[in-house]
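# sequence unavailable; structure follows:
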């Protein structure tokens, strides 16, 4: 399960037009905040070959990002200019019909598309 970015991005592993994003953990707290950790790979084959072979990119900065029910994340007001690490969701209605992974992947895909990236599901 993951997302494939079909636009070319630069990374420390070279340029790729098949970057693969995989959520590998999440936590949900009593304060209605969901923290998601994701990894970026050069492509799905690299991910399948070695889960620890992650890449870094200034274009798409994944790692830990947050979904919060309020306008503050970890006590800090969220900015609309924040990179992909921060995502603000007004409510968690989607969690009534989806798993946390489905919800997080859908929101991550939405955010990447808002930033102008073409994204395919690999679910």
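Arrived safely, thanks for sending. The shown structure was predicted, so the numbers you read here are calculated from the model rather than taken from an experiment. Numbering: from 1, shown residues only.

# for stretch 6-22, measure first residue to last.
Its start and end residues considered, stretch 6-22 measures 15 Å (Cα to Cα, to the nearest Å).

# what pLDDT, on average, does that stretch get?
Stretch 6-22 comes out with an average pLDDT of 91.

# residues of it that come out buried?
7, 9, 11, 13, 16, 18, 19, 20, 21, 22 (16 or more other Cβ atoms under 10 Å). Glycine gets a C-beta too; all of them are placed from N, C-alpha and C.

# which residues touch the fifth one?
Right, residue 16. If a contact means Cβ atoms under 8 Å, 6 or more residues apart in numbering, then residue 16 has 8, 9, 42, 43, 55 as its contacts.

# likewise the last one?
Contacts for residue 22 (Cβ under 8 Å, 6+ apart) come out as 1, 2, 3, 38, 39, 41, 47.

# that one in helix, strand or coil?
Secondary structure for residue 22, judged by DSSP: H, G, I helix; E, B strand; the rest coil, is strand.

# for the fourth one, same thing?
Secondary structure state of residue 13, per three-state DSSP, is coil.
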